[in-house]
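A.B. asks: with the sequence up front, the predicted model follows.
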Amino acid sequence: MWKVLSGVFLGWSLGANDSANVFGTGVTTGTVKYRTAILLTAFFVLLGALLEGPKCMRTVGDLSRLMPPEAFWCALAAAMIMTALTYLAIPASTSQAIVGAVIGAGIISNSADFSMLYKIVSCWVFTPVCGMIVAYCLHRIFGYFLDRTRMSLARRNLLYSAGILVAGCYGAYSLGSNNVANVTGVYVGSGNLSPGTASLIGGLSIASGVLTYSRKVMMTVGKGIVPLDPFSALVVVLAGAITLHVFTQIGVPVSSSQAVVGAVLGVGVVGGVKTVSFKMLGKISLGWILTPIAAGLLVYLFITFGGI
Amino acid sequence: MILEKLLSHGKKERDVTEDIKRHIGLLCTACDTFKTAVERDDPDLMENVIQLEREGDSVRREVISHIYEGAFLPYLRPDLCKFVEIVDEVFDLLKDTAFYHLSTRLPERIKDDCIRVALLNFRMCEMLLITYEAMLKGEDLREKTLAIRIYEKKVDDLKYDLFEEAKKVEIDTFWEGRMLADLISGLTTISDIIEDASDHLQIIYVSMR
């Protein structure tokens, strides 16, 4: 059972980092108190993990036929790479780290399934694109109806406040349902855990990260989104959540940060603002390449020198 | 926080909007009192304008503290505070003008024009209140802000005539001339600031769409 500890560590760091994409806006705009935000996030992450988490578990598990100790090394390598890249401020994704690690372990044991990898990599590329398209469409559709609705200032304020809360809860649900596979999916593939138990442990570990160590990132990310008007901020959170939920139905774990970055771009495009920063796109692409390669190399070192 | 908002149907927000309405309403009363005081040359009424400014000041403080106690999304708070500050600038200028009027005698040859400007200022305040109420209801503000701009143009036209007439007034001392110049300048600048306030309402309206 101790082999699951590396997954718990990975889930904890995912929860501490990615909860900011969900309620960062709500907390920094003062709509939701930090304490309420983390309690709601923890609850909905767990709910999402339990209800829909198993949908993505198989994808990670099927990438390679792993032995239980290999699963331990994969989760540990992914967690360490995530910590290092976050420290270097390179936008990294847990999905990319764990997939890189699993493929690395699969190459060593000659069991890697590259046809599955093709599907996953396509989904990574489409995550920000999907976030952008969803945000653009939502902004256009909701904007159309709101422009034609006469609403008092106080009511509009209330609508946006409630909207940010609802979108945050939905975002937390989507985060749990999609990203729990990154945390404990490897243990399902290696036969350590059943999908249900893996979802429970993964959901609880993400929730523990949210509850204990998310304040700093939540404030930083939230303040980055807040300069948007309340309507656009609401659309960004909602579009990020929908994007994650769509990929959950496809069965591929993707990056919530990249979905949100895409959504911010989509909102910018509606306003005709030139928001596409090639520097940011370069950083994301660097993360796509660096994260899986680094995780793959690290797991190679662990298995070679640490033994199975 | 949000549950409190939902359950109270935005009570804090309603308090703020009502207070701002009271603030503009006080400004209308102050402008009307100023006009009547000039018409009747009544120093007691002019003293009332100064009293109304003090009352306006306390309403402004209430509004700002309510806003920072959590009414409205933080995104909107600076704009609402800025609007209240602009209205307060009108109060300050009106008080200074009332003080100049108390300190000097308004020459007959410019009195009628001054009353006309004071009346236009009062009408602009009324229109500002109408614009504010329309903004609260989510109605279009373009026609209302246009009306304010037209009033402001009328005051501008009168301003130059007023100064031309003022040049012909015989002045005995430097301070008498200075007070008269400041009175005319204050009276004709009020409309500019009311126009700024209406422009700011338009900004708030657009930013919350």
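C.D. replies: Ah, there it is. Residues are numbered from 1 along each chain as shown, chains lettered A, B, ... in the order given.
A.B. asks: for the stretch 101-250 of chain A, what lies in contact range of chain B?
C.D. replies: A:146-147, A:149-158, A:160-162, A:165, A:226, A:229-231 (Cβ under 8 Å from any Cβ of the partner chain). Any C-beta I mention is one placed from the backbone N, CA and C, and that applies to glycine too.
A.B. asks: give me the distance from stretch A:120-130 to the chain's centre.
C.D. replies: The chain centroid and the centroid of stretch A:120-130 are separated by 13 Å under Cα atoms, centre = their mean, to the nearest Å.
A.B. asks: so A:Phe142 sits against A:Ala239, correct?
C.D. replies: No. Applying Cβ atoms under 8 Å as the test, A:Phe142 and A:Ala239 come out as separate, 10.7 Å apart.
A.B. asks: tell me how many other residues surround A:Leu51.
C.D. replies: Per other Cβ atoms under 10 Å in any protein chain shown, the neighbour tally for A:Leu51 reads 14.
A.B. asks: and what of A:Ser122?
C.D. replies: 12.
A.B. asks: how much space separates it from A:Glu70?
C.D. replies: 25 Å (Cβ to Cβ, to the nearest Å).
A.B. asks: quick one: which helix or strand includes A:Gly24?
C.D. replies: In the assignment (DSSP states H and E), A:Gly24 maps to helix A:5-28.
A.B. asks: quick one: buried residues of that helix?
C.D. replies: A:6-28 (16 or more other Cβ atoms under 10 Å in any protein chain shown).
A.B. asks: packing partners for that helix?
C.D. replies: helix A:34-52, helix A:68-87, helix A:94-109, helix A:153-189, helix A:195-213, helix A:215-225, helix A:230-250, helix A:256-270 (3 or more Cβ pairs under 8 Å, 6 or more residues apart in numbering or on different chains; DSSP states H and E).
A.B. asks: give the contact list for A:Val254.
C.D. replies: A:Ser93, A:Ser95, A:Cys123, A:Trp124, A:Thr127, A:Asn178, A:Thr243, A:Leu244, A:Phe247 (Cβ atoms under 8 Å, 6 or more residues apart in numbering or on different chains).
A.B. asks: give me the contacts around the host helix or strand of A:Leu290.
C.D. replies: Per DSSP H and E, A:Leu290 falls inside helix A:278-301. Under the criterion Cβ under 8 Å, 6+ apart, residues A:70, A:73-74, A:77-78, A:80-81, A:84-85, A:90-93, A:96-101, A:103-105, A:107-108, A:124-125, A:128, A:258, A:261 lie in contact with helix A:278-301.
A.B. asks: got the residue ranges for the helices in chain B?
C.D. replies: Along chain B, the segments classed as helices by DSSP state H run B:2-7, B:11-40, B:43-68, B:77-103, B:108-137, B:142-167, B:174-207.
A.B. asks: got those as JSON lines, with mean pLDDT columns?
C.D. replies: Putting the helices of chain B into JSON lines (pLDDT from 0 to 100) gives the following:
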{"stretch": "helix B:2-7", "mean pLDDT": "57"}
{"stretch": "helix B:11-40", "mean pLDDT": "95"}
{"stretch": "helix B:43-68", "mean pLDDT": "95"}
{"stretch": "helix B:77-103", "mean pLDDT": "95"}
{"stretch": "helix B:108-137", "mean pLDDT": "95"}
{"stretch": "helix B:142-167", "mean pLDDT": "94"}
{"stretch": "helix B:174-207", "mean pLDDT": "94"}
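A.B. asks: so for chain B, the centremost residue is which one?
C.D. replies: B:Val90 (4.0 Å; Cα atoms, centre = their mean).
A.B. asks: do you know how far it is from B:Cys81?
C.D. replies: From B:Val90 over to B:Cys81 the distance is 15 Å, taken as Cβ to Cβ.
A.B. asks: one more: A:Leu298?
C.D. replies: For A:Leu298 relative to B:Cys81 (Cβ to Cβ), the value is 52 Å.
A.B. asks: so between those two, which is more surrounded?
C.D. replies: Between A:Leu298 and B:Cys81, counted using other Cβ under 10 Å, the more crowded position is A:Leu298 (22 against 15).
A.B. asks: grab the nearest non-local neighbour of the residue in chain B positioned nearest to chain A.
C.D. replies: Nearest residue of chain B to chain A (Cβ to the nearest Cβ) works out as B:Glu13 at 4.1 Å. Once flanking residues are discounted, B:Glu13 sits nearest to A:Ala154: 4.1 Å by Cβ to Cβ, 6 or more residues apart in numbering or on different chains.
A.B. asks: residues in contact with B:Leu187?
C.D. replies: B:Thr97, B:Cys114, B:Val117, B:Ala118, B:Asn121.
A.B. asks: how about A:Val180?
C.D. replies: A:Gly11, A:Gly48, A:Ala49, A:Gly53, A:Cys56, A:Met57, A:Ala198, A:Ser199, A:Gly202, A:Gly203, A:Ile206.
A.B. asks: apart from its neighbours in sequence, what residue is nearest A:Val267?
C.D. replies: A:Ser232 (4.5 Å).
A.B. asks: quick one: that neighbour and A:Val270, what's the gap?
C.D. replies: 8 Å.
A.B. asks: buried residues in stretch A:198-216?
C.D. replies: A:198-211, A:213-214.
A.B. asks: should've said stretch B:176-187
C.D. replies: Of the residues in stretch B:176-187, those buried (16+ other Cβ under 10 Å) are B:Met179, B:Leu180, B:Asp182, B:Leu183, B:Ile184, B:Ser185, B:Gly186, B:Leu187.
A.B. asks: stretch A:181-193 too?
C.D. replies: With the criterion 16+ other Cβ under 10 Å, stretch A:181-193 contains buried residues A:Ala181, A:Asn182, A:Val183, A:Thr184, A:Gly185, A:Val186, A:Tyr187, A:Val188, A:Gly189, A:Ser190, A:Asn192, A:Leu193.
A.B. asks: also stretch A:166-173?
C.D. replies: Buried residues in stretch A:166-173, defined by neighbour count with 16+ other Cβ under 10 Å: A:Ala167, A:Gly168, A:Cys169, A:Tyr170, A:Gly171, A:Ala172, A:Tyr173.
A.B. asks: then stretch A:42-56?
C.D. replies: Here stretch A:42-56 shows A:42-50, A:52-56 as buried, counting by 16+ other Cβ under 10 Å.
A.B. asks: list the contacts of B:Phe99.
C.D. replies: So B:Phe99 contacts B:Ile50 (Cβ under 8 Å, 6+ apart).
A.B. asks: so how far is B:Asp182 from it?
C.D. replies: 9 Å.
A.B. asks: got the buried residues for stretch B:129-142?
C.D. replies: Here stretch B:129-142 shows B:Leu129, B:Thr131, B:Tyr132, B:Ala134, B:Met135, B:Leu136, B:Gly138, B:Leu141 as buried, counting by 16+ other Cβ under 10 Å.
A.B. asks: can it be found next to chain A?
C.D. replies: Yes. Stretch B:129-142 lies within reach of chain A by Cβ under 8 Å from any Cβ, at B:Met135, B:Leu136, B:Lys137, B:Gly138, B:Glu139.
A.B. asks: and the residue of the stretch 151-300 of chain A nearest chain B?
C.D. replies: For the stretch 151-300 of chain A, Cβ to the nearest Cβ, closest residue to chain B: A:Ala154, 4.1 Å.
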